[in-house]
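Novice: Sequence unavailable; structure follows:
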Ligand SMILES: O=P(O)(O)OC[C@H]1O[C@H](OP(=O)(O)OP(=O)(O)O)[C@H](O)[C@@H]1O
Ligand SMILES: O=c1cc[nH]c(=O)[nH]1
Ligand SMILES: [Mg+2]
């Protein structure tokens, strides 16, 4: 089964608490998406391999360690994942970025694909799929299936808020994918929204409702 890591850092809890409030402005919400994504990324990259390189300090030669940044790729699920990717790029600026466009059909709640553009060498990279919301798990599962069909195998999934239903579906569909979660909420409502949640992440980031 997937490794599931739920964040317990006070900074993340505090920031998600602000995001949940209905009166938080679009600008503040958007800034927080990117900040919390950065903090989750810090945990999700904990096991990245390092290589030794020789460097010179102002005093001596020594061995430093570096992440092979060129081996990483962030894949936001559009639209809402875009702002998470922006935050994560502050931490790993050399990562490439692929995009997968999916939206949920509001009646069936099943994902509809409308865009996919990945780096040509994506299958050689470690991939971080990002989307603020893991609700039924349909969108994340479909995005990861698409990546696997293109020969990609090293995949992690990062979200801000997850419902237990979504975690179950994603980890059953893709047991090899680690899942990093800002907050594991209670459940879905009858419309497939996460409770207590924060509403529709895309609409809150872009002010579309
Ligand atoms: O786990 P699921 O049940 O599939 O739901 C989660 C999906 O729903 C939201 O996207 P939405 O369809 O609202 O698209 P948007 O980002 O363009 O608003 C969210 O950003 C996820 O992609
Ligand atoms: O609660 C939810 C569920 C799906 N998509 C969202 O943006 N929010
Ligand atoms: Mg939306």
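Specialist: On my side now, so go ahead. All of these numbers come straight from a predicted model, not from anything done at the bench. Ligands and ions are numbered 1, 2, ... in the order given.

Novice: List the buried residues of stretch 20-39.
Specialist: For stretch 20-39, burial by neighbour count (16 or more other C-beta atoms under 10 Å) applies to 24, 29, 30, 31, 32, 33, 34, 35, 36, 37, 38, 39. For every residue, glycine as well, the C-beta is placed using N, CA and C.

Novice: wait, I meant stretch 106-115
Specialist: In stretch 106-115, counting by 16+ other C-beta under 10 Å, buried: residue 111.

Novice: okay, how far is it across it, tip to tip?
Specialist: 18 Å (C-alpha to C-alpha, to the nearest Å).

Novice: Read off the pLDDT value for the most centrally placed residue in the chain.
Specialist: Centrality entry for the chain: nearest residue to the mean C-alpha point is residue 130, 2.2 Å, by C-alpha atoms, centre = their mean. pLDDT for residue 130: 98.

Novice: Can you pull out the residues in contact with stretch 141-158?
Specialist: By C-beta atoms under 8 Å, 6 or more residues apart in numbering, the surrounding residues in contact with stretch 141-158 are 37, 40-41, 44, 75, 77, 84, 88, 100, 102, 111, 113, 116, 118, 122-123, 125-131, 134, 140, 169-170, 173-174, 176-180.
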